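K.L.:
Please find the sequence and the predicted model below.
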Amino acid sequence: MTTTAIPPTPARIRAVPPVLRRPGLPGTLRSELTKIVSVRSTYWTLLAFVAASIAWAVLYCGGTVSHGIGPSFNATEASLTGQVALGELIIVVLGALVITSEYSTGMIRTSLAVMPRRGVLYSAKAIVFATVTLTISLVTSFVDFFVGQAILSGKHYNTTLGAPGVLRSIFLSAAIVMVFGLLAYGAGAIIRHTAGAITAILGVIFLIPLLAQALPNAWFADLQRWLPGGGALEPITRSAPPIDAHLFTAWGEFAVFSGYAAVLLAIGAWLFIRRDA
Amino acid sequence: MIEARGLSKRYGDKLAVNDLSFTVRPGRVTGFLGPNGAGKTTTMRMILGLDRPSAGSVTVNRKPFGELYSAMREVGALLDAKAVHGGRSAYNHLLCLAQTNDIPRSRVDEVIGIVGLEDVAGKRSKGFSLGMSQRLGIAAALLGDPDVLMFDEPVNGLDPEGIRWIRLLMRSLAAEGRTVFVSSHLMSEMENTADHLIVIGRGKLIADCPMAEFTAGGAAQAAVVKTPDAELLAAAVAAAGGTLEREMDGSFTVHGISAERTGALALANGILLHYLAPARVSLEEAFMELTADSVEYQAKTGAQK
């Protein structure tokens, strides 16, 4: 190996202006926004989410109007339950895709070669996905509510925005959708495979509550408030307190699932930063 | 400038890159040669911080890749032309990359012009031919107008026109004083492009020398002769540790012994020579000779001498 002095790089006219601050989160957020709005799968999944949520609200409230109501009826819940029970599953797909599509296409290698600060890239992706999802789901929540109430008003079952707990339900029903999306994002970062990540999250949502029902009734009653999928999401869509006294309140259940999402996001971040890409 | 020191990468019990040390300098095209599976891509991935070295280190402009101030302004790389989201248009692909490093939109249009993709910039890259994908990958590498450029097998699957274009581009980038590091498994691709060669086999460094030295190194140990006394010469050459090989045109190639030495042998043994010259070993042959022991997947029934 020769030890000749390194010649200074000859001065070139730079085609790109220099930066005063080290490129980081602001630019990467813009980049991730460009990424998410420039592929069709985003529009398809968001459209499916909006359509499924509203369709469920129409069907559920329509059914209620024709069949009458029981003692546990809650007008807010009737209009929002579709978005949480069904819409959430669709957002899970988008949350996983946002990160796993980088691996399936190989784009991740290009992304990291231009932004080697992995924590910045991981956070920017999550923030952009969460913001886009929350915006859409919040609008959808309101549409669900107004469409549902319009139908329910046929038999005067409806409630109003000003009634106690209604705004909370609308907001939390939108936010919980984002939380499940972030859960899938974390799983996507861990598993790095679209089908694998989606299967894992849907498996957790569907299978665990089902298996838990095999437990003795008293145990299940105590456990249910911690499990995704089943009855634990009910307090979130409901403007009144939960019927099942074993469940946490709306904010309590929201905190439980946000906690799960935070754990998966943290594990995903740790692996994303550490692992070979 | 790229500097590797004792760079190693282990996958399970397989050592993909084994204690590599080399320096890639600015102002010239450095060819990175080795048979398939020699560890070229793994080395490039470690340079870009995609893979963590098992041992040793590698720096770009004296810093680990992850600590560069603005990665795109310092290094542009094309590892795999198909490593893009096919559902995104070429323009949006380049835009999302530029935005990470606060590079203005105007530069995106500029590089699209440089690689000649203006007509398809708005189209999804899914439908691109390999040649168009390579151009898109090169556009991405040029976005930050970087000092260091790295291309992994850039001419793979390209037509002659595309190969010529990339070759000229690399030469002009080096002429501007940039560091250009290009990998290939085919020696012939380097013949008219590289100024300097780094050759590896089975993850180990085999040669690190200027192109001229690499070809001359082979020639020093071979000669072409014409003689009516082939058997006598064969015996003399064998006694001196070389081999004699008959060529199609009736001449002979002496392997393992220089032309000067062959002349001396002939004189000492009273053998008549009609012609004697140092053999001009082609790059391909010199490369094959050097890497013969280090080919990862060798054909069992190959025509190896």
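P.N.:
Sure thing, it's come through.

K.L.:
Where does chain A get nearest to chain B, which residue?
P.N.:
Of all residues in chain A, the one sitting closest to chain B is residue A:106 (3.1 Å; C-beta to the nearest C-beta). Any C-beta I mention is one placed from the backbone N, CA and C, and that applies to glycine too.

K.L.:
Who are the contact partners of that residue?
P.N.:
Residue A:106 is in contact with B:80, B:82, B:83, B:84, counting by C-beta atoms under 8 Å, 6 or more residues apart in numbering or on different chains.

K.L.:
Repeat the analysis, applying 7 Å as the threshold.
P.N.:
Going by C-beta atoms under 7 Å, 6 or more residues apart in numbering or on different chains, residue A:106 touches B:80, B:82, B:83.

K.L.:
Intersect the residues you listed with the contacts of chain A.
P.N.:
B:80, B:82, B:83 (C-beta under 7 Å from any C-beta of the partner chain).

K.L.:
Could you tell me which of those belong to strands?
P.N.:
Among the ones next to chain A among the contacts of residue A:106, no member falls in strands (DSSP state E).

K.L.:
circling back to that earlier point, what about the contacts of residue A:106, which one has the most neighbours?
P.N.:
Greatest neighbour count in the contacts of residue A:106, by other C-beta atoms under 10 Å in any protein chain shown, goes to residue B:83: 19 neighbours.

K.L.:
Please name the nearest non-neighbouring residue to that one.
P.N.:
Spatial nearest neighbour of residue B:83, chain neighbours left out: residue A:106 (3.1 Å); criterion: C-beta to C-beta, 6 or more residues apart in numbering or on different chains.

K.L.:
Dump stretch A:17-32 to PDB, restricted to CA.
P.N.:
Extracted in PDB, the C-alpha atoms of stretch A:17-32 (Å, rounded to 0.1, in the frame of the first residue of the first chain):
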ATOM      1  CA  PRO A  17     -26.200  24.300  -3.100                       C
ATOM      2  CA  PRO A  18     -24.600  23.400   0.200                       C
ATOM      3  CA  VAL A  19     -26.600  23.000   3.300                       C
ATOM      4  CA  LEU A  20     -26.200  25.000   6.400                       C
ATOM      5  CA  ARG A  21     -27.800  22.500   8.700                       C
ATOM      6  CA  ARG A  22     -27.300  18.800   8.500                       C
ATOM      7  CA  PRO A  23     -30.100  17.100   6.600                       C
ATOM      8  CA  GLY A  24     -32.500  15.400   9.000                       C
ATOM      9  CA  LEU A  25     -36.100  15.100  10.000                       C
ATOM     10  CA  PRO A  26     -37.600  18.100   8.100                       C
ATOM     11  CA  GLY A  27     -36.400  17.000   4.700                       C
ATOM     12  CA  THR A  28     -37.000  13.300   5.400                       C
ATOM     13  CA  LEU A  29     -40.600  14.100   6.400                       C
ATOM     14  CA  ARG A  30     -41.100  15.900   3.100                       C
ATOM     15  CA  SER A  31     -39.500  12.900   1.400                       C
ATOM     16  CA  GLU A  32     -41.800  10.400   3.200                       C
END
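
K.L.:
contacting residues around that stretch?
P.N.:
A:115, A:117, A:120-121, A:123-125, A:127-128, B:69-70, B:96, B:99-102, B:104.

K.L.:
cool, stretch A:54-61 as well?
P.N.:
Contacts of stretch A:54-61 (C-beta under 7 Å, 6+ apart): A:78, A:79, A:81, A:82, A:86, A:143, A:144, A:147, A:148, A:151, A:152.

K.L.:
Just the buried subset of those, written out for ChimeraX, thanks.
P.N.:
Buried residues among these (16 or more other C-beta atoms under 10 Å in any protein chain shown), as a ChimeraX selection:
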select /A:78,79,81,82,143,144,147,148,151,152
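
K.L.:
Which members of the contacts of stretch A:54-61 are positioned in helices?
P.N.:
Among these, the subset assigned to helices under DSSP state H consists of A:78, A:79, A:81, A:82, A:143, A:144, A:147, A:148, A:151, A:152.

K.L.:
how about the first one, what does it touch?
P.N.:
Same thing as residue A:78. Counting by C-beta under 7 Å, 6+ apart, residue A:78 touches A:60, A:61, A:64, A:148, A:152.

K.L.:
before we move on, what about residue B:91?
P.N.:
Contact analysis of residue B:91 by C-beta under 7 Å, 6+ apart lists B:108, B:112, B:121, B:122.

K.L.:
closest to residue A:250 among the contacts of stretch A:54-61?
P.N.:
Nearest to residue A:250 among the contacts of stretch A:54-61 is residue A:81, at 13.2 Å by C-beta to C-beta.

K.L.:
That closest one contacts residue A:237, correct?
P.N.:
Yes. Residue A:81 lies in contact with residue A:237 (C-beta atoms under 7 Å); the separation is 5.0 Å.

K.L.:
got any ranges where the chain has weak pLDDT?
P.N.:
In the absence of a named chain, chain A is used. Across chain A, the ranges flagged by pLDDT under 70 are A:1-11.

K.L.:
wrong chain, I was asking about chain B
P.N.:
For chain B, applying pLDDT under 70 flags the ranges B:215-220, B:280-286, B:289-290, B:292-305.

K.L.:
which residue does it bring closest to chain A?
P.N.:
For chain B, C-beta to the nearest C-beta, closest residue to chain A: residue B:83, 3.1 Å.

K.L.:
Phi first, then psi, for that residue.
P.N.:
Taking degrees, to the nearest 10, you get phi -80, psi 60 for the backbone angles of residue B:83.

K.L.:
Provide a list of residues in contact with residue A:264.
P.N.:
Residues in contact with residue A:264 (C-beta under 7 Å, 6+ apart) are A:183, A:186, A:187.

K.L.:
Neighbour-wise, give me the winner out of those residues.
P.N.:
Neighbour tally across these (other C-beta under 10 Å): the maximum, 30 neighbours, falls on residue A:183.

K.L.:
Can you give the distance of the one helix or strand it maps to from its chain's centre?
P.N.:
Using DSSP states H and E, residue A:183 sits in helix A:166-191. How far helix A:166-191 lies from its chain's middle: 3 Å, per C-alpha atoms, centre = their mean, to the nearest Å.

K.L.:
now for whichever helix or strand comes after that helix, which elements pack on it?
P.N.:
Using DSSP H and E, the next helix or strand after helix A:166-191 towards the C-terminus is helix A:194-212. Judged by 3 or more C-beta pairs under 7 Å, 6 or more residues apart in numbering or on different chains; DSSP states H and E, the packing partners of helix A:194-212 are helix A:88-105, helix A:166-191.

K.L.:
if you set the cut-off to 10 Å instead, what comes out?
P.N.:
Counting contacts by 3 or more C-beta pairs under 10 Å, 6 or more residues apart in numbering or on different chains; DSSP states H and E, helix A:194-212 packs against helix A:88-105, helix A:166-191, helix A:217-223, helix A:250-274.

K.L.:
buried ones in it?
P.N.:
With burial defined by 16+ other C-beta under 10 Å, the residues of helix A:194-212 counted as buried are A:194, A:197, A:198, A:200, A:201, A:202, A:204, A:205, A:208, A:209, A:212.

K.L.:
Which residues are in contact with the residue nearest to residue B:122 when sequence neighbours are not counted?
P.N.:
Leaving aside its sequence neighbours, residue B:122 sits nearest to residue B:89 (C-beta to C-beta, 6+ apart; 5.3 Å). Contact analysis of residue B:89 by C-beta atoms under 10 Å, 6 or more residues apart in numbering or on different chains lists A:38, A:39, B:95, B:120, B:121, B:122, B:123, B:124, B:125, B:126.

K.L.:
again, 7 Å this time
P.N.:
A:38, B:121, B:122, B:123, B:124.

K.L.:
how near is it to residue A:27?
P.N.:
Using C-beta to C-beta, to the nearest Å, residue B:89 is found at 20 Å from residue A:27.
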